[in-house]
Structure formats: structure tokens, C-alpha cells
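Undergrad: all I have is the shape, not the residue letters:
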């Protein structure tokens, strides 16, 4: 019997398989097609707003996505630089085939992991022992202590392209229809979601002189904390826009869209709508941006970000050719929508194990999320917890106040999702603490503790912590005299002059000043990693805000440290409203803190829970006292 079976080798399955094997579990990862391990059926990019935070957190814990993306980056940027550091997010355009090849190789080279091509058609609970059995299309049967479901958009996949509808997975691969039937038979609460992708066009058919080139930026950072430098900028992207003619073509053919004709039943992603949906939802917007992005270094295929569609082929060609630069475009792959089965994540614990099916875990789009990064983050956590369960170790739960991964999972399993869930920085109550540059400080110690972070990664991390501490001490001790040259810099920057000498730390606290401006007055500065300077400067500038958010975290921790029994009968607790009883019984929160975040549970319900738990605690203490008194001679 294996320790872990992972069904699916997309972004969730990869991280789950690698994490479990690296923790010592014996793992088999099954995929329908070996040549599409780590496929990017939608956009050929990694990261973006909030998603880049997730990738850095995956790397900090010992995951693989960040390193793979850095190795195959075509262009990288740091988004939202015009805003505060809490929302600065790395994004990279990557070579999708090189990424897939690299991830396939990583799985193949990982000890204790077997990568197998087979379609899983059935999943069943073992009757005579703890564990699960899977059956392949060819009739092979395999048993394992735990199973991770990372099926992506394959589960009962259905493609929609105008009037054409057929069973399929993404990129023309076979769907997993039989497995969907098996999961329903198990009683898993499945529902239908929908996503889509734009057309791909041949580069030589484009007139890029009519577009605006977009290059990588100097502020870009690597995803991996192990990287010695940001990836090289190897390719440009291009920006163009739709126009009134584009709108006319789409609206005149709206009746041919399965999205508006009723053929699509699944719920689509709110934050990544199709172009026809945009035209309907934003009637006053004159144009919509279209980003033309390379799919790889050795291909002429270009991705049209912003033009996801399910319109028929002739309509796609017509509206594409109304857009500047695309007038003569040659379409290599048509846009399409895909419907698929996924589970209601309220059936999951914060460990991503099913509450009613011990040893069965869910990860990625199967759990109702969207995006490669959200999938990989969940895969990592599911793989860690499946391995620890199989090896007899306690589970790991990431608190929402400590990471975006924790926020993502807590949102899914506590609040659920009525549409494909997308991570955004606004979903966190303490996003200044969860900056992308602090991911290693927040999560690498946990990765070290559970054994997922390599010795090299640990050594680099410890050296960085020492450098940050030393630099903090240095800037606190160094006093700069109010020379005329310094005063001139302060005046030019629009900040107050100095009446006397000032500590370098106090100057760095000013929003108008940074290390670069003050470099001429700091000749003794040691050679510093840019990441160290960035962290020290941000920590100093936002010290007051950081302390406030740290106090929020401590307050939240008090509720998280108040556990709730999984078998608690909420019907017997007085003062709980009927809706709260129903929601609490469905989610079965592990703590009062988690209970407080359930939709339909209000502060009065939380107070009732706390009063009840205190009553139970006192009665238990009194009972123990009576027992001890009776036992005395």
C-alpha cells in the first residue's frame, strides 16, 4: 500500500506530490497525459496581484512553483509600484512548454515518487482498513492511506464554443467523466463551475507597430528566495484595445454565445469575465485592454489576455480583426469556455481533508478556486497534511493572519464560494504584515520545522535574517550631520530640513526618502542585498502600522486558541440563532475564531459560543474537583 495517491498533475497535484514525497511518504501521481504535466491551458504567466504573494509563500515553505517560474521567465514585473508595499506583487510571463517540461522532470527525479499516465475512473473507501483504492481505465487497482484530488477542470469537463458543445478537458485532452460519477456516488457535494480562455494567434500575422510595447521593469524580483538575482528580461509584451466596432460585432452576435443562450449552467469567475460578458456588464466603457503575450521562447504563438470568449469561430475571427494590430491575425487556437465539476469547500477542514471522508483531501480548482497560484498553494498544504496523516504526525493549519495561503484556505472552508475564488490582497485583514517581501520571515521557520525546506534554503534564510538584524542596528546607531548637501537633498525631496544631526533610521522613516537618496551620506554602508534594504526600509517606514496589525493578530489568536469540539451539538446552546446553528453544524469549525468568520454567524452568536464554552469549562473543573474530593480517604 502506498502512503499517498495524487489524482492530477496540474499545479495543485505537482506541489502535493512533491511535498508529500519530500516529507518521506511514498507517493504516486496520476495524470491523464504525461506530456501535459504542469500545463498552462489559460494564461502563460505566473503571479500577479496577490497571486505573486502566494507564489513567494509557496517558495518560503519549500514548494516548487517559484523556482520553476524563475527558470523559464520571459519577462518579469513588480506590479502596483504606484501604491503601498502591501500590494506590490511580482508577475512573470513564462515559457509554458519549458515550465511543463521542468515540472515533469522534477516529479520524475523526486525520490519516493512515481509519476504514472492513467485515467482514474473510480475511488472507493477500503472496507477492512484505513485507506482508499483507485481504479484506472485499464483495470489496474492501487491502494493508499490517503488520496489527494487535484482534478483541475477535467472533472466531467464540457467545452462550449458557440453552438458547439462536447465533452473534453482543457487543450483538447480527455475529460474525467467516470471519476465524477464515482465521487458523486461517494456523496461528495459537487457543483458546476465555468472558466474560459482566449484565442492564440500567430505572431507573424500581427502588426505590432499599432500596439504599445511593454517591457519588463528594473524593480522586478525573483519569486524564489533562493535566487541570486531577478530573471533576465527576454521578451516584450504588447498592449492594444478593443473599440466600438469590436463592441458592435460582439453584441450583434450575443445570441450565439452559450453564456447568454443558457447552454452554460456553471458559475464563471467574477474577476476574469469573457469579452462578451464585459461588453454587457460595462456598456459605458469605450474600450477594453488587450495584452498580447508570448507563449514561449521557441514558438510564434501569442496569447490575447483579456479576450476570453465562448463565441463561435466566425464571430471570434470577426471581432478579433476589428482590434488594432490584429486586423490580419491568424488564429492558431480558438477561445472556448469549459464547464467542470468541483466540490463545495465547506465539506473540507482547514487541513484540506474532507470532514466526512478521513484520508481524502482536495486541492486546487477542485476546491472551487481559480488560478494556477491558488491551486499550487492548496496542493502544497494538502500534500503536507496527507503525508503527515499517513506518517502518523499532527496536521498543519496555516492561520489566516500569517499568510495569504492561510487566508485562501480559511475563506474556502469557512465561508465557501459561490463562484471560482480568486485571491486578492483585500481579502486579508493584515495585508501590511503579509507583504511579498516578508513571506520567508513568516513561513520558512515552519517549512524548516516540518522538514520541507532544504539545508541550502535554510542557510540562505538564516544569513538574510542576520543581515536584516545587523542593518537595523547599524541605521539606528548611525547619526548623519546636517550638512548643506544633505539639507539640499531634503529640500529637493520635499521634506523638512534637519535642525541637528539625525539617525539614518529616522530619515529612512520619511516617505520621501530612501536608501538611494541617502547613499552619498552613508559611505560606510556595507554591501547589502537589495532585499535586505527593502525589508529594513519598509519596516521602518510602516513601524506604527505594523505594530497595530500585530496587535490585531494577537487579538484574533485569542479566539483561534479557543477550540470547539468537532462533535459539538449546536442545537443545545441557548441564544444561538437558527441560521447560526445550521451554519455551524455544516462547517463544524475547529475554533471560535473560525466560527466568527462563517457567513451567517454574527457577534452575538460568537458571544453565545464563548459563554457556553466557559460554562462547560467551569462545570468540567467542578466535576474534577468533586471526583478528587471523593477519592480522598
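TA: Now that the structure is in, tell me what you want to look at. Quick caveat, the model's predicted, so the values are computed rather than measured.
Undergrad: distance of residue 521 from residue 501?
TA: Counting by CB to CB, to the nearest Å, the gap from residue 521 to residue 501 is 11 Å. For glycine as for every other residue, the C-beta is placed from the backbone atoms N, C-alpha and C.
Undergrad: what about these two, which has more around it?
TA: residue 521 (16 against 11; other CB atoms under 10 Å).
Undergrad: report the contact partners of the more buried one.
TA: Neighbouring residues of residue 521 by CB atoms under 8 Å, 6 or more residues apart in numbering: 480, 483, 485, 486, 489.
Undergrad: which neighbours do residue 521 and residue 501 have in common?
TA: By CB under 8 Å, 6+ apart, the residues touching both residue 521 and residue 501 are residue 480.
Undergrad: and the spatially most central residue of the chain, what element?
TA: In the chain, the centroid-proximal residue (CA atoms, centre = their mean) is residue 374; its distance is 2.5 Å. Using DSSP states H and E, residue 374 sits within helix 372-390.
Undergrad: elements contacting that helix?
TA: Where contact means 3 or more CB pairs under 8 Å, 6 or more residues apart in numbering; DSSP states H and E, helix 372-390 is packed against strand 2-7, helix 11-22, strand 45-47, helix 51-61, helix 65-71, strand 141-149, strand 360-362, helix 404-410.
Undergrad: of the ones you listed, give the one that comes closest to residue 86.
TA: Closest of these to residue 86 is helix 51-61, at 9.4 Å (criterion: CB to CB).
Undergrad: average model confidence for that closest one?
TA: Averaged across helix 51-61, the pLDDT comes to 98.
Undergrad: okay, angle between it and helix 372-390 too, please.
TA: Angle, helix 51-61 to helix 372-390, by axes from the mean of the first three to the mean of the last three CA atoms, to 10 degrees: 30 degrees.
Undergrad: helices along the stretch 51-200 of the chain, start to end?
TA: 51-61, 65-71, 96-109, 177-186 (DSSP state H, counting those that start in this stretch).
Undergrad: of all those helices, which one is nearest residue 43?
TA: Of the helices of the stretch 51-200 of the chain, the one closest to residue 43 (CB to CB) turns out to be helix 96-109, at 9.0 Å.
Undergrad: burial count for residue 520?
TA: Neighbour tally, residue 520, other CB under 10 Å: 10.
Undergrad: show me what contacts it?
TA: So residue 520 contacts 485, 489 (CB under 8 Å, 6+ apart).
Undergrad: same deal with residue 478?
TA: 503, 504, 505, 522, 524.
Undergrad: which parts of the helix or strand where residue 492 lies are buried?
TA: Take DSSP H and E as the rule and residue 492 turns out to sit in helix 484-493. Neighbour counts using 16 or more other CB atoms under 10 Å place 486, 489, 490 of helix 484-493 among the buried residues.
Undergrad: how about low-confidence regions in the stretch 451-600 of the chain?
TA: For the stretch 451-600 of the chain, no stretch has pLDDT under 70.
Undergrad: residue boundaries of the strands in it?
TA: Here the stretch 451-600 of the chain has its strands, by DSSP state E, counting those that start in this stretch, at 479-480, 502-503.
Undergrad: tell me where the stretch 151-300 of the chain has strands.
TA: 158-161, 164-167, 190-197, 200-202, 212-214, 237-241, 289-294.
Undergrad: between those, which one is nearest to residue 270?
TA: Residue 270 sits nearest to strand 190-197 of all the strands of the stretch 151-300 of the chain, at 11.6 Å, using CB to CB.
Undergrad: and that closest one, what does it pack onto?
TA: helix 177-186, strand 336-343.
Undergrad: select, out of those, the one closest to residue 459.
TA: Among those, strand 336-343 sits nearest to residue 459 (CB to CB), with 40.1 Å.
Undergrad: distance check, residue 180 against residue 191.
TA: Distance from residue 180 to residue 191, by CB to CB: 11 Å.
Undergrad: repeat that for residue 110.
TA: According to CB to CB, residue 110 and residue 191 sit 34 Å apart.
Undergrad: then residue 346?
TA: For residue 346, the distance to residue 191 equals 11 Å [CB to CB].
Undergrad: neighbour-wise, which of those two wins?
TA: Neighbour count, other CB under 10 Å: between residue 346 and residue 191, residue 346 has more, with 20 against 13.
Undergrad: so that one is in contact with residue 587, correct?
TA: Yes. Residue 346 lies in contact with residue 587 (CB atoms under 8 Å); the separation is 5.6 Å.
Undergrad: now the common contact residues for those two.
TA: In contact with both residue 346 and residue 587: 413, 414, using CB under 8 Å, 6+ apart.
Undergrad: who's in contact with residue 370?
TA: 195, 269, 272, 420, 421, 422.
Undergrad: ah, wrong one, I meant residue 529
TA: 464, 467.
Undergrad: phi, psi for it please.
TA: As for residue 529, its main-chain torsions (degrees, to the nearest 10) stand at phi -60, psi 130.
Undergrad: state the distance from it to residue 153.
TA: 40 Å.
Undergrad: and for residue 353?
TA: 23 Å.
Undergrad: give me the more crowded residue out of the two.
TA: Relative neighbour count places residue 153 above the other of residue 353 and residue 153, with 28 against 21, counting by other CB under 10 Å.
Undergrad: that one contacts residue 341, doesn't it?
TA: No. Between residue 153 and residue 341 there is no contact, the gap being 9.2 Å when judged by CB under 8 Å.
Undergrad: residue 116 bridge partners, please.
TA: residue 30 (DSSP bridges).
Undergrad: pipe the strands of the stretch 451-600 of the chain into a markdown table and attach distance to residue 160 per row.
TA: Below are the strands of the stretch 451-600 of the chain laid out as a markdown table (distance: least, CB to CB, whole Å):
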| stretch | distance to residue 160 |
| --- | --- |
| strand 479-480 | 65 |
| strand 502-503 | 63 |
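Undergrad: can I get these in a markdown table with distance to residue 452 and mean neighbour count?
TA: Converted to a markdown table, the strands of the stretch 451-600 of the chain look like this (distance: least, CB to CB, whole Å; neighbours: other CB atoms under 10 Å):
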| stretch | distance to residue 452 | mean neighbour count |
| --- | --- | --- |
| strand 479-480 | 43 | 14 |
| strand 502-503 | 40 | 16 |
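Undergrad: and of those, who's closest to residue 384?
TA: Nearest of those (CB to CB): strand 502-503, 43.0 Å.
Undergrad: partner strands of that closest one, with direction?
TA: In the sheet, strand 502-503 lines up against strand 479-480 (antiparallel) (DSSP bridges).
Undergrad: tell me the gap between the strand it pairs with and the middle of its chain.
TA: Remark: strand 479-480 is offset 43 Å from the chain centroid, using CA atoms, centre = their mean, to the nearest Å.
Undergrad: pretty sure residue 184 sits against residue 190.
TA: Yes. Judged on CB under 8 Å, residue 184 makes contact with residue 190 at a distance of 5.9 Å.
Undergrad: the two: who's more crowded?
TA: Neighbour count, other CB under 10 Å: between residue 184 and residue 190, residue 190 has more, with 18 against 13.
Undergrad: OK, contacts around the more buried one?
TA: Counting by CB under 8 Å, 6+ apart, residue 190 has contacts 155, 180, 183, 184, 341, 342, 343, 344.
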